[in-house]
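J.: Sequence and predicted structure are below.
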Amino acid sequence: MGKRPYYIIIFDRDCEGYYTDVCYIGTNWKAALDRYRTIIDCIKEVDFLNEGVDPEHIYSRVNLPERQLNPGEQVQSYLNDDNICWDTITLKCMNTNKFANNNWEAKYKALFPNSKY
């Protein structure tokens, strides 16, 4: 893993229990953005429409970035039926070998000053 930023897609579901899945990790911005769009469409179709949820009862906000994300940035979209299931899809950009949260990174380095990463 070099210094190239990584794009990560995470799917969270709150539907009679909580579920989180890391769906994609890659270094290609265009591929990550295309997959982000695709997973939103798939979730809408498979988990809502195919389950008989009326399209008028699917509440969503699809946030597409206007530019390539930089490390530490993210966008989130959501779908829900305002009843049973609430889904969140996150596309984030991160560097490897460090916390995205600078406070956590500083704390880690203070606790382990001789660590390589």
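T.: Ah, there it is.

J.: Could you list the buried residues of stretch 68-80?
T.: By 16 or more other CB atoms under 10 Å, the buried positions in stretch 68-80 come out as Leu69, Gln74, Val75, Ser77, Tyr78, Leu79, Asn80. Bear in mind the C-beta positions are built from the backbone N, C-alpha and C, glycine included.

J.: Confirm the third one sits in a helix?
T.: No: assigned with DSSP: H, G, I helix; E, B strand; the rest coil, Val75 falls outside any helix and is strand.

J.: ok, now which ones touch it?
T.: By CB atoms under 8 Å, 6 or more residues apart in numbering, the contact list for Val75 reads Tyr36, Asn63, Leu64, Pro65, Leu69, Thr90, Leu91, Lys92.

J.: Can you check the pLDDT for it?
T.: You'll see Val75 listed with a pLDDT of 97.

J.: for the fifth one, same thing?
T.: As summarised for this prediction, Tyr78 has a pLDDT of 96.

J.: who's it bridged to?
T.: Arg61, Thr88 (DSSP bridges).

J.: quick one on the thing from earlier: in the contacts of Val75, find the pair that's most separated.
T.: Spanning the widest gap among those are Leu64 and Lys92, at 14.1 Å by CB to CB.

J.: the more surrounded of these two?
T.: Counted by other CB atoms under 10 Å, Leu64 and Lys92 do not tie: Lys92 has more neighbours, with 19 against 11.
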